[in-house]
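Novice: starting from these lines, generate the structure:
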Amino acid sequence: MKKSIFFSAVTALFLLSGCGGSSDEADCRFSTQTDLDTGNFEAVIGRLSTPNSSCRSAYANNEWQVDLAAAYMGRAGVTVSSILETIGSGNADFASFVAGVDAKSS
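Specialist: Here you go, the predicted model:
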């Protein structure tokens with residue numbers, strides 16, 4: 001009986017402790033993802049391009065660079081789907097690839 005109560009208490013403690021991240025970090029990553037999804041690329045660039053940005057600490061290992069790159073790509077009008085379509089079209093050289101992506105993004 002005591003073992004089951006102890007096990008239940010420990011399990012509840014782990015469930016209630018969550019991931020251990022702060023609310024500010026979660027808010028930053030959520031805001032960044034929302035801005036990327038809605039096309040607010042300037043907000044993401046402003047939030048992540050500042051060298052001492054507190055938002056960068058919300059990411060593990062420099063993963064913020066992926067979101068920053070996505071924002072720059074979005075601002076340039078390049079989408080992942082346009083890149084994949086160009087790759088799938090069989091353009092063998094780099095110049096054809098760049099021209100294909102440019103044509104699809106404009």
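Novice: list the contacts for the residue nearest to Ile45 when sequence neighbours are not counted?
Specialist: Distances taken as C-beta to C-beta, 6 or more residues apart in numbering put Ala71 closest to Ile45, at 4.9 Å, once the chain neighbours are dropped. (Each C-beta comes from the backbone N, C-alpha and C, glycine too.) By C-beta atoms under 8 Å, 6 or more residues apart in numbering, the residues touching Ala71 are 35-36, 41-42, 44-45, 48.
Novice: please indicate which of those residues are buried?
Specialist: With neighbours counted by 16 or more other C-beta atoms under 10 Å, the contacts of Ala71 contain buried members at 35-36, 41, 44-45, 48.
Novice: element containing the residue nearest in space to the middle of the chain, please.
Specialist: Nearest to the mean C-alpha position of the chain, by C-alpha atoms, centre = their mean, lies Asp67 at 4.2 Å. Per DSSP states H and E, Asp67 falls inside helix 64-76.
Novice: for that helix, which positions count as buried?
Specialist: For helix 64-76, by 16+ other C-beta under 10 Å, it's 64, 67-68, 70-71, 73-74.
Novice: going by distance to Asp93, which of those wins?
Specialist: Met73 (21.5 Å; C-beta to C-beta).
Novice: low-confidence bits of the chain, can you list those?
Specialist: For the chain, applying pLDDT under 70 flags the ranges 1-22, 91-92, 104-106.
Novice: can you give me the helices in it?
Specialist: Residue ranges of the helices in the chain, as given by DSSP state H, are 2-17, 23-38, 41-48, 64-76, 80-88, 94-105.
Novice: against Asp67, how distant is the nearest residue to Val80 once chain neighbours are set aside?
Specialist: Nearest non-adjacent residue to Val80, counting by C-beta to C-beta, 6+ apart: Met73, 8.0 Å away. When C-beta to C-beta, to the nearest Å is applied, the distance between Met73 and Asp67 equals 11 Å.
Novice: if we can go back for a sec, wait, which of the helices of the chain is closest to Ala58?
Specialist: helix 23-38 (3.6 Å).
Novice: elements contacting that closest one?
Specialist: Under the contact criterion of 3 or more C-beta pairs under 8 Å, 6 or more residues apart in numbering; DSSP states H and E, helix 23-38 touches helix 41-48, helix 64-76.
Novice: many thanks, have a good one.
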